[in-house]
Each structure stands twice: as structure tokens, then as C-alpha cells.
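[1] Predicted coordinates and the sequence they were generated for:
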Amino acid sequence: MSDDLLSLDFYISLKKDGVSAQEALNVAIDRGLGELLLIRMLRGVYELSLADATNLVRKV
């Protein structure tokens with residue numbers, strides 16, 4: 001897996017640009033992130049709880 005997929009910098013910039021957690025999740029899925037990395041991104045960037053991040057990922 002590419003190092004850029006593991007970096008949160010891209011998603012932090014999306015958040016700064018006003019992208020919602022749901023929209024960032026869709027981008028991350030399109031970029032090939034797996035469930036654990038999706039949850040990590042949502043928790044790290046959007047400060048969601050583990051339960052909230054997991055629920056959002058599983059809705060997709």
C-alpha cells in the first residue's frame with residue numbers, strides 16, 4: 001500500500017476545505033482504503049468516536 005494512503009495530510013486538507021466526514025469517507029473508499037484505515041482517518045481527522053466512525057463506515 002502506498003504511503004500516501006496512510007497519511008492523514010490529504011484528509012486534513014479536505015476538512016480544511018469544508019469537506020464533510022461523509023464526503024471524505026467516499027473519497028477514501030475511492031482511493032482504496034480498507035475499513036480499519038477508514039475508521040482511523042475519521043477518528044484522526046474528524047475526531048469521531050470509535051463507535052461513530054465505525055457506524056459511518058458500515059453505512060456505506
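    Received, thanks. Predicted model only: the values in this text are computed from it and were never measured. Residues are numbered from 1 along each chain as shown.

[2] Show me the helices in the chain, by range?
    Ranges of helices in the chain, per DSSP state H, are 3-6, 9-16, 21-30, 35-46, 50-59.

[3] deepest of the ones you listed, which one?
    helix 35-46 (a mean of 18; mean count of other C-beta atoms under 10 Å). Placement of C-beta: from N, CA and C, glycine included.

[4] tell me what it is packed against?
    helix 9-16, helix 21-30, helix 50-59 (3 or more C-beta pairs under 8 Å, 6 or more residues apart in numbering; DSSP states H and E).

[5] so how far is the second one from its chain's centroid?
    Read that as helix 21-30. 6 Å (C-alpha atoms, centre = their mean, to the nearest Å).

[6] helices and strands of this structure: which one bottoms out on pLDDT?
    Confidence across the helices and strands of the chain bottoms out at helix 3-6, with a mean of 62, counting by mean pLDDT, DSSP states H and E.
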